[in-house]
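1. coordinates only, no sequence provided:
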């Protein structure tokens, strides 16, 4: 059973517009969430994270929103740039339960069109 | 500033052959991980080592073994490769409690 779901395999956005990537989770024990970005032929790189005690975290053009009641988080990129074109993975962990393992979603491929 | 180094970058094996994927990190991290990435499947944890001297199974451990050789190195061994193990393998490291894993650039393995 997939515990972290990214239901959109791909997303295309015009340069300068907002990109919204979505992620849903089913495990109530998850209390820490991250987004990773991956370019072809490279390993994933950490982008931004959020703890379950918060509902928003910002880092420059990137903002992650967490809705615990809906078990949903989203990554907003504003404004989108061509260099943002990559695969974005949502990941979650049950840190409070002592687990340091990350469970990843299947990824969403973002294409930013110049 | 190497971070996490994986060798080899590419490998083709015949069914039944064995091989070891090497991973080394220079960030003094305690924890290390092996993931595989398959098309449409995301990243799935194979094995992890929370600290030197310990290893534990992840989500998809069958057909693999690991060795935490020292704090820096964590290897993944395929004893008898199968076509189902064709995948891209990523090694990662982190400190306990820190989830911003640092990943290597991956090993693309094809089993024919």
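-> That came in fine, so what should we check first? Nothing here was measured: the structure is a model prediction, and the numbers come from that model.
2. how about the contacts made by residue 18?
-> Using chain A here. A:76, A:77, A:78, A:79, A:80 (CB atoms under 8 Å, 6 or more residues apart in numbering or on different chains). For every residue, glycine as well, the C-beta is placed using N, CA and C.
3. the chain in question should be chain B.
-> Applying CB under 8 Å, 6+ apart to residue B:18 gives the contacts B:77, B:78, B:79, B:80, B:81.
4. how deep is the third one tucked in, by neighbour count?
-> Look at residue B:79: counted by other CB atoms under 10 Å in any protein chain shown, it has 12 neighbours.
5. next SSE after the helix or strand where residue A:74 lies?
-> In this structure, residue A:74 sits in strand A:72-77 according to DSSP states H and E. Downstream of strand A:72-77, the first helix or strand assigned by DSSP H and E is strand A:86-93.
6. now do the buried residues in that next one.
-> A:86, A:87, A:88, A:89, A:90, A:91, A:92, A:93 (16 or more other CB atoms under 10 Å in any protein chain shown).
7. coming back round to it: can you say which of the contacts of residue A:18 are buried?
-> Buried by 16+ other CB under 10 Å: A:76, A:77, A:80, out of those.
8. doesn't residue A:61 make contact with the second one?
-> Yes - look at residue A:77 against residue A:61 with CB atoms under 8 Å: they come within range, at 5.7 Å.
9. where's residue A:102 relative to residue B:92, distance?
-> Going from residue A:102 to residue B:92 by CB to CB, to the nearest Å gives 9 Å.
10. what is in contact with the two at once?
-> With CB under 8 Å, 6+ apart, residue A:102 and residue B:92 have common neighbours residue B:101.
11. name the nearest residue to the residue of chain A found nearest chain B, ignoring sequence neighbours.
-> Ranked by CB to the nearest CB, the top residue of chain A for proximity to chain B is residue A:43, at 3.2 Å. Closest residue to residue A:43 apart from its sequence neighbours, by CB to CB, 6 or more residues apart in numbering or on different chains: residue B:103 at 3.2 Å.
12. ok, now which ones touch that neighbour?
-> Residue B:103 sits next to A:43, A:44, A:45, B:4, B:90, B:91, B:92 when contact means CB under 8 Å, 6+ apart.
13. burial count for the residue nearest to residue A:77 when sequence neighbours are not counted?
-> Sequence neighbours aside, residue A:19 is the residue nearest to residue A:77 in space, at 4.2 Å (criterion: CB to CB, 6+ apart). When counting by other CB under 10 Å, one arrives at 24 neighbours for residue A:19.
14. now residue B:88
-> By other CB under 10 Å, 17 other residues sit near residue B:88.
15. hang on, isn't residue A:94 packed against residue A:28?
-> No - counting by CB under 8 Å, residue A:94 does not reach residue A:28; the two are 9.1 Å apart.
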